[in-house]
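Trainee: Below are the sequence and a predicted model; questions follow.
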Amino acid sequence: MKRRFSPSYVAAGVSRRPLSSTISSPVAAGVSRWPLSGLGLRAWTASVMVISALLAVSCSRQPQPVPEQTGPLTVSASLSTNSIHIGDVANLTIQIVHPREGQVQIPELAHGKEVIVRDRQSREEAISDDSVRTVLDLKLTSFAVGIHTLSTGFVSFAQSDGQTLSQPFPFLTLEVASTLSGEQTNPRDIKGLARWPGVFPRWLLVFLLIALIAAAAGFLAKNFLSKPRTILQMPPPPPPHEIALAALQQLLSKGWIESRNIEPFYVELSGIVRRYIEDRFHLKAPERTTEEFIREAANSRVLSPAHQSLTYGFLEQCDLVKFARHQPESDDMRNAGAAAERLVRETIPVTIDPVKEAGS
């Protein structure tokens with residue numbers, strides 16, 4: 001009797017055997033039964049290995065570039081790898097062909113921890129007189145485990161005439177695997193600041209700090225007190241007669257007598273005499289004019305009769321100049337200055353030397 005063959009077996013190059021000598025095996029190539037022994041068993045094993053290799057190649061994770069579109073705006077993109085570990089870097093290359101005049105805009109690729117753009121560089125390549133290829137090189141990384149789509153947006157190109165061209169961004173995914181093993185695949189969150197354990201009790205540190213400050217203060221105080229100190233004594237102010245004699249000498253050196261500058265000379269001369277009498281005899285009369293003050297001082301008992309006569313003569317010359325518009329000669333002006341100097345010198349207080357007094 002003539003045997004009949006199934007098309008599936010013929011396609012596989014295997015002859016049919018009786019049903020009692022076969023086993024069932026699911027095969028993607030369409031073969032449902034294979035012999036148990038001999039050549040059929042070896043062919044069945046080889047077929048399984050070939051099919052497994054084909055499946056492994058088809059499931060390879062090496063990325064394939066997305067085909068370009070056609071038209072005035074074309075976009076293509078490729079990843080150096082579409083499977084990385086957390087923190088690793090994948091290189092993304094985007095090529096955009098567009099007209100020369102205009103501006104290219106790509107969608108935002110970074111979003112949260114899923115996709116992070118670490119670096120971005122761009123360059124342009126001339127294709128023809130009307131077309132340019134813009135190449136974008138981006139370095140991507142991720143800190144979230146899973147499969148992430150780079151973008152579902154559009155690449156747009158704004159032309160110089162106001163029109164806008166757009167193409168969908170190529171569909172690309174990035175698979176991020178954890179470097180951890182077991183059930184814990186997601187990285188744990190950062191812990192808070194660790195508290196440094198105290199070696200000494202806090203109260204002891206405070207006590208040591210106070211003791212250190214006290215020791216430093218004591219050292220500085222001892223150093224300051226041990227240094228010899230010089231007490232500065234201010235020199236006593238010059239006596240009234242020295243001040244008056246110096247002022248008279250300065251008045252005579254101004255040359256007012258020779259230039260016949262009469263009124264200013266007598267005004268300053270009477271002021272010198274007044275200040276001397278105030279300081280020498282401790283007489284204060286701010287409500288009196290200079291002439292009134294000197295006249296009252298001449299009538300007081302603080303001056304001797306000789307000094308009173310000298311003071312009256314000085315006042316008489318001052319009154320003649322001030323009220324009678326008297327024009328004294330240069331000699332009269334010199335005599336007035338000499339009278340004032342004589343009044344000062346004759347009223348200098350007599351100082352007693354304690355050494356001479358003790359010797360006598």
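Mentor: Here it is on my side, so go on. Numbering: from 1, shown residues only.
Trainee: quick one: the helices in the stretch 1-150 of the chain?
Mentor: Using DSSP state H, counting those that start in this stretch, the helices of the stretch 1-150 of the chain run over 7-12, 39-58.
Trainee: which stretch in these has the least confidence?
Mentor: Ranked by mean pLDDT, those end with helix 7-12 at the bottom, a mean of 36.
Trainee: hey, which helix or strand in the protein has the poorest pLDDT?
Mentor: Least confident helix or strand, the chain: helix 7-12 with a mean of 36, by mean pLDDT, DSSP states H and E.
Trainee: And the residue nearest the centre of the chain, how far from Arg202?
Mentor: With distances taken as C-alpha atoms, centre = their mean, the residue of the chain nearest its centroid is Leu193 (26.2 Å). Shown here: Leu193 relative to Arg202, a distance of 19 Å by C-beta to C-beta, to the nearest Å. C-beta: built from backbone N, CA, C; applies to glycine.
Trainee: hang on, the earlier thing: enumerate every residue touching the residue nearest to the centre of the chain.
Mentor: Counting by C-beta atoms under 8 Å, 6 or more residues apart in numbering, Leu193 makes contact with nothing.
Trainee: State the helix or strand in which it lies.
Mentor: Assigned by DSSP states H and E, Leu193 belongs to neither a helix nor a strand.
Trainee: got it, and Glu263?
Mentor: Under the criterion of DSSP H and E, Glu263 resides in helix 262-281.
Trainee: and the next element down the chain from that helix?
Mentor: Downstream of helix 262-281 (by DSSP H and E), the next one is helix 290-299.
Trainee: Contacts for that next one, please.
Mentor: By C-beta under 8 Å, 6+ apart, the surrounding residues in contact with helix 290-299 are 270-271, 273-274, 277-278, 281, 283, 285, 288, 303, 308, 311-312, 314-315, 318-319, 322.
Trainee: low pLDDT regions in the protein?
Mentor: The chain contains residues with pLDDT under 70 at 1-71, 181-187, 196-200, 229-233, 285-286, 291, 323-325, 352-360.
Trainee: Break it into its domains for me.
Mentor: 7-58, 74-177, 240-346 (automatic domain parsing).
Trainee: Lys227: which of the ones you listed is closest?
Mentor: Nearest of the domains of the chain to Lys227, taken as C-beta to C-beta: domain 240-346 at 37.3 Å.
Trainee: The closest one spans what distance, first to last residue?
Mentor: Domain 240-346 has an end-to-end distance of 13 Å (C-alpha to C-alpha, to the nearest Å).
Trainee: try stretch 95-113
Mentor: Stretch 95-113: ends 25 Å apart by C-alpha to C-alpha.
Trainee: buried stuff in that stretch?
Mentor: By neighbour count on 16 or more other C-beta atoms under 10 Å, the buried set for stretch 95-113 is Gln95, Ile96, Val97, His98, Gly102, Val104, Ile106, Leu109.
Trainee: the inter-axis angle of the helix holding Glu263 versus helix 290-299?
Mentor: Orientation note: helix 262-281 sits at an angle of 40 degrees relative to helix 290-299 (axes from the mean of the first three to the mean of the last three C-alpha atoms, to 10 degrees).
Trainee: Would you mind pulling the contact partners of helix 262-281?
Mentor: Helix 262-281 is touched from outside by 240-241, 243-244, 247-248, 251, 256-257, 283-284, 290-291, 293-294, 297, 302-303, 311, 314, 317-318, 321-322, 327-328, 333, 336-337, 340, 343-344, 347, 349, with contacts defined as C-beta under 8 Å, 6+ apart.
Trainee: what about dumping the CA coordinates of it to PDB?
Mentor: Below are the C-alpha coordinates for helix 262-281, written out as PDB (Å, rounded to 0.1, in the frame of the first residue of the first chain):
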ATOM      1  CA  ILE A 262      46.500 152.800  65.600                       C
ATOM      2  CA  GLU A 263      43.000 151.500  66.500                       C
ATOM      3  CA  PRO A 264      43.600 147.700  66.000                       C
ATOM      4  CA  PHE A 265      46.800 148.100  68.000                       C
ATOM      5  CA  TYR A 266      45.100 149.600  71.100                       C
ATOM      6  CA  VAL A 267      42.100 147.200  70.900                       C
ATOM      7  CA  GLU A 268      44.400 144.200  71.000                       C
ATOM      8  CA  LEU A 269      46.600 145.800  73.600                       C
ATOM      9  CA  SER A 270      43.700 146.500  76.000                       C
ATOM     10  CA  GLY A 271      42.500 142.900  75.400                       C
ATOM     11  CA  ILE A 272      45.900 141.500  76.500                       C
ATOM     12  CA  VAL A 273      45.800 143.600  79.700                       C
ATOM     13  CA  ARG A 274      42.300 142.500  80.500                       C
ATOM     14  CA  ARG A 275      43.000 138.800  80.100                       C
ATOM     15  CA  TYR A 276      46.100 139.100  82.200                       C
ATOM     16  CA  ILE A 277      44.300 140.900  85.100                       C
ATOM     17  CA  GLU A 278      41.500 138.300  85.000                       C
ATOM     18  CA  ASP A 279      43.800 135.400  85.200                       C
ATOM     19  CA  ARG A 280      46.300 137.000  87.600                       C
ATOM     20  CA  PHE A 281      43.900 138.400  90.200                       C
END
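Trainee: How far off centre is it?
Mentor: The chain centre lies 67 Å from the centre of helix 262-281; the measure is C-alpha atoms, centre = their mean, to the nearest Å.
Trainee: Kindly list the longest helix within the protein.
Mentor: Scanning the chain for the helix with the most residues, using DSSP state H, yields helix 202-226.
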